[in-house]
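Novice: Need coordinates for the below:
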Amino acid sequence: MEEGIVPTQPQRSSKKLFGVVVLNAVITLSEFIGGIMSGSLSLVSDAFHNLSDTLAIIFSYGAQKMARKEANKKRTYGYQRLEILSAFINSFILIILSLFLTVEAFKRFTSPEKINSHLMLTVAVIGLLANLFSVLLLRQEADESLNIKSSYLHLLSDTLSSVSVIIGAILIRFFDIYWIDPVITLIISIYILIEAIMVIKKAAAILIQSAPAIDYEKMEQEIEAIDGVKDVHHVYIWQYSEKIIIFDGHIDFEDQLLSEIEKIYPRIISLLKLKYGITHVTIQAETKAKDQKKLIFLNKDESY
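Specialist: This is a model prediction of the structure:
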């Protein structure tokens, strides 16, 4: 017996993500122009940062649109995993950028740049306001999707970068403290690096179909406590996407008509869905199974 995958999660606002793409593109162009005119290397670097983030957000937008496509004969599970792949790639890009910014920060300790701090400050404030608006737009969605969260982290890094540029511009303008820029850059880079690693670990776990954090012993006990169920074994559980967890298992029932066994299925499915968040359930019904009855079945070449 197989219980199909439930419909995908409610659609998020694609208009928000599209608006963020447009805003980031404008910020990138502004910082390129402002950086060249002011002679500010930090603004030009931030423009490249924003450019990579804009491309990453475009990728997230495309993945989100593709994920909404219906399943077909070639993609029977649909396209929802594209969002996880997008989150993984975006987070990987963030790690590369963080390492690059760290290297650049150390370089600036030894070779501080003299710049037009007034123009630098003006452009940075514009960038901060636009990035802050984008962050607020995606704040709620970031808690519901790894894909959106990776884009959100990109925007957050941009916002923090704008703050660092502003602080640096003020301190350079009034106090000639040039070393403050690389210090702030290092702090931001470490923060973004930690956040990106957390996302990439979660995305990677889903991509390799890891089992979710479930109390399997308790689940086994609760299934076997259902009237008519003798034993549950040879269970495979894996996470297909953020919202889809799949259960495939063998269940021993009391020897009876199949029509009577089928009346027990809804109770098992309801338990797995409501208590353990499992959305796709496949059950192989048995009455006199003689094979090795372990809850989690492993072939001889497999290990935990």
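Novice: going forward, measure contacts between C-alpha atoms and count neighbours the same way
Specialist: Will do.
Novice: can you give me the helices for the protein?
Specialist: 14-38, 41-67, 81-110, 117-142, 146-175, 180-207, 216-224, 258-261, 265-276 (DSSP state H).
Novice: How far off centre is the shortest one?
Specialist: On the basis of CA atoms, centre = their mean, to the nearest Å, the separation between the geometric centre of helix 258-261 and that of its chain is 42 Å.
Novice: Just the mean pLDDT for it, thanks.
Specialist: For helix 258-261, mean pLDDT rounds to 88.
Novice: what's the answer for the first one, then?
Specialist: Confidence over helix 14-38 (mean pLDDT, whole number) is 81.
Novice: for the last one, same thing?
Specialist: For helix 265-276, the mean pLDDT works out to 93.
Novice: what about Tyr77, neighbour count?
Specialist: Other residues lying near Tyr77 total 15 when counted by other CA atoms under 10 Å.
Novice: Which of the helices of the chain sits closest to Ile245?
Specialist: helix 265-276 (9.1 Å; CA to CA).
Novice: buried ones in that closest one?
Specialist: Applying a neighbour-count criterion of 16 or more other CA atoms under 10 Å, one finds Tyr265, Ile268, Ile269, Leu271, Leu272, Tyr276 buried in helix 265-276.
Novice: Specify the strand with the largest residue count in this structure.
Specialist: With secondary structure taken from DSSP state E, the chain has its longest strand at strand 229-239.
Novice: Show residues contacting it.
Specialist: 206, 209-212, 220, 223-224, 245-254, 293-297 (CA atoms under 8 Å, 6 or more residues apart in numbering).
Novice: most tightly surrounded among the helices of the chain?
Specialist: helix 146-175 (a mean of 23; mean count of other CA atoms under 10 Å).
Novice: what packs against that helix?
Specialist: The contact analysis (3 or more CA pairs under 8 Å, 6 or more residues apart in numbering; DSSP states H and E) places helix 146-175 against helix 41-67, helix 81-110, helix 117-142, helix 180-207.
Novice: same thing but 6 Å
Specialist: Packed against helix 146-175 by the contact rule (3 or more CA pairs under 6 Å, 6 or more residues apart in numbering; DSSP states H and E) you find helix 81-110, helix 117-142, helix 180-207.
Novice: tilt between it and helix 41-67?
Specialist: Here the directions of helix 146-175 and helix 41-67 differ by 170 degrees (axes from the mean of the first three to the mean of the last three CA atoms, to 10 degrees).
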